[in-house]
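Q: Fold the following, please.
(one chain, ligands or ions: 1)
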Amino acid sequence: MPCGERSIGKMDNRVEPTGSRRSRSDTIAAMLDSPLDVLIVGGGILGAGIARDGAMRGLRVGLVEQYDMAFGSSSRSSRMLHGGLRYLSQGHLKLVREASIEKGVIHHIAPHLADPLPFVFPTYRGSGWPLWQVRFGVKLYDFLCGGRNLGPSRSMCRDEIVEYLPGVKTEGLTGGVRYFDGLTNDARLVIDTLRSAAQAGAILCNYARLCNASPQRNSWQCEVGDELSGQQLRISARAVVNATGPWAETLPHSSVKLRLTKGIHLVVDRRRLPVPDAVFMTIAERALFAIPWGERVILGSTDTDYEGSLDDVRADGDDVAYVLDVVNGAFPDSRLGSDDVIGSWAGLRPLIASGSTAAEKGKPSNVSRAHKITMPQPGWFDIAGGKLTTYRLIGQQTIDRLMHYLDRKGAKCGTAAEPLIRPEEAQGTSGIVPPPPSRQLIEHFCKAEWAVHLDDVMLRRAGWHYYRTDSDQVAGQVAAWMAEILGWSAADEEAELGRYRRS
Ligand SMILES: Cc1cc2nc3c(=O)[nH]c(=O)nc-3n(C[C@H](O)[C@H](O)[C@H](O)COP(=O)(O)OP(=O)(O)OC[C@H]3O[C@@H](n4cnc5c(N)ncnc54)[C@H](O)[C@@H]3O)c2cc1C
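A: Numbers count the residues shown, from 1 in each chain. Got it, this is the predicted structure:
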């Protein structure tokens, strides 16, 4: 399908939004100006991490994202920085170790986006998660963090669990443990990584979709559709990185084979489920979480095979009922219903496919979260799988391979040591819980963080859509500010509100 056919609303006479102080037309001009070392396709967490590393090592980096930055899985996760206690029980020790180290690294480079997250894990007789095993598991978990977990784990006796978690199911309760992971804000982690990449010189453009790419003698000619102007761009790059997550199979030249599984999350008021820490809730072999998020609690997730549209993934009634059922089972007095749900999101896990029969493929929750970097053709790199938590490492490994391919030596990776952004740059604009709305903030999102549409701000820059009970009113006010800042007409403003309500 030609790029232009998917254009999402033209800019017409509107004032151009700018990305990190570079206007959109300057961004496009810079991409076309001279060949890039690498064109990264996908503005999710992996694309952002690769762009940051490449730019910091002196490469001429461009990145295109078909929708908004963080539109895909990277704004629809459980927001945990974690090794994955569950993956330990599946024997994925290498993955748990890698991710455990990385959660500490993210805490170091982006403390505003990595709060220590204590978890309480109550254990039950006959549940498949015996207390002795869970006690051993959390000690191993701390050990795999190189002794530097975000807090120490400890055992809890039955009475302590009952006192600590008011309303928790007591039937069959044997005790539990308390251990630490990290809590982040996934979309903000993408945006701040991109801000960092832009500061290092990366050229970043959202609403720009790669439609085709053809190999030339020493480079790739890439056809990119500017979704705002309808223009076709021809970008030349020595290498292309396919970092398109769930879309990875759809790119020309891709060798990726994915298994997509859907996961949903619900947001409820914390007064309806007043948990002091995050809670690990088990049902059969599935594990669901209740994660405190300021005045709210995030509940999730599901893990079911998915075959629908990649561009419009939603929580359906069955998903919502399943999550509420598990929570009501774990906290019988809470009696949560669908009226309690303030917000919800649904996303796809881009897992690497294995096997062809149902038995070989196994259950969705048992599929490895590992990543794979391949070069099926000279200069074309496919990145598949991975986790939010391991994004920096995946960026490092990708750029190592790319430097080798480009025969560029010398520059060492600095992404584990350099702060993502300075504390004063994060102040008031970025954090785990949404900041209060203000015109100044909206101006910042539009001028320095590539926000183009109302939903870019409401869902991904600020997250008010999921957090605020008055999100409709907030959206009205934000639309009015964006109209002033970006020069929208009354009709544009109305169209933006309509688009936001459908998102
Ligand atoms: C329910 C759920 C819970 C999760 N929880 C956690 C967790 O707690 N912790 C954790 O570490 N990980 C978690 N993950 C995993 C993590 O979210 C993903 O592995 C990660 O976000 C994938 O990032 P990505 O950059 O590969 O993909 P994405 O974020 O999907 O980014 C790919 C981007 O490519 C763009 N794109 C596609 N095609 C094109 C094209 N032709 N041109 C330009 N752009 C294109 C898309 O629009 C998209 O924005 C979770 C995932 C899900 C779904």
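Q: give the contact list for the residue most central in space within the chain.
A: By C-alpha atoms, centre = their mean, the chain has its centre lying nearest to residue 74, at 2.0 Å. By C-beta atoms under 8 Å, 6 or more residues apart in numbering, the contact list for residue 74 reads 44, 45, 46, 48, 186, 187, 189, 190, 245, 388. From N, CA and C alone the C-beta is placed, and that goes for glycine too.
Q: you'd agree it is in a strand?
A: No - per DSSP: H, G, I helix; E, B strand; the rest coil, residue 74 lies outside any strand segment and is helix.
Q: how much space between it and residue 43?
A: 8 Å (C-beta to C-beta, to the nearest Å).
Q: Tell me the residues of this structure that contact the ligand?
A: Contact residues (C-beta under 6 Å from any ligand atom) of the chain with the ligand: 41-47, 64-67, 71-74, 76-80, 82, 209-210, 243-247, 251, 263, 301, 347-350, 386-389.
Q: before we move on, back to that, among the contacts of residue 74, which lie within helices?
A: Among the contacts of residue 74, DSSP state H puts 45, 46, 48, 186, 187, 189, 190 in helices.
Q: Could you measure from residue 299 over to the ligand?
A: Going from residue 299 to the ligand by C-beta to the nearest ligand atom, to the nearest Å gives 12 Å.
Q: same question, residue 416
A: For residue 416 relative to the ligand (C-beta to the nearest ligand atom), the value is 17 Å.
Q: about what we covered before: which of the ones in helices among the contacts of residue 74 has the largest number of neighbours?
A: residue 46 (34 neighbours; other C-beta atoms under 10 Å).
Q: Isn't that residue up against residue 391?
A: Yes - contact criterion C-beta atoms under 8 Å: residue 46 and residue 391 qualify, at 5.7 Å.
Q: Just say helix, strand or coil for the residue of the chain most remote from its centre.
A: Relative to the mean C-alpha coordinate of the chain, counting by C-alpha atoms, centre = their mean, the farthest residue is residue 159 (37.2 Å). Classification of residue 159 using three-state DSSP returns helix.
Q: how much space between it and residue 174?
A: 12 Å.
Q: Then residue 219?
A: 62 Å.
Q: Next: residue 114.
A: From residue 114 to residue 174 the distance is 32 Å (C-beta to C-beta).
Q: Need the residues touching each of residue 74 and residue 43.
A: Listed as contacting both residue 74 and residue 43 by C-beta under 8 Å, 6+ apart are residue 190.
Q: strands paired with the helix or strand harbouring residue 181, and their directions?
A: Using DSSP states H and E, residue 181 maps to strand 173-183. Here strand 173-183 is paired, per DSSP bridges, with strand 80-81 (antiparallel), strand 115-124 (antiparallel), strand 154-156 (antiparallel).
Q: May I have the residues that are in contact with the closest residue to the ligand within the stretch 51-200 of the chain?
A: The minimum distance from the stretch 51-200 of the chain to the ligand, using C-beta to the nearest ligand atom, falls at residue 72 (2.3 Å). Neighbouring residues of residue 72 by C-beta under 8 Å, 6+ apart: 42, 44, 244, 245, 246, 247, 347, 348.
Q: Nothing else from me, thank you.
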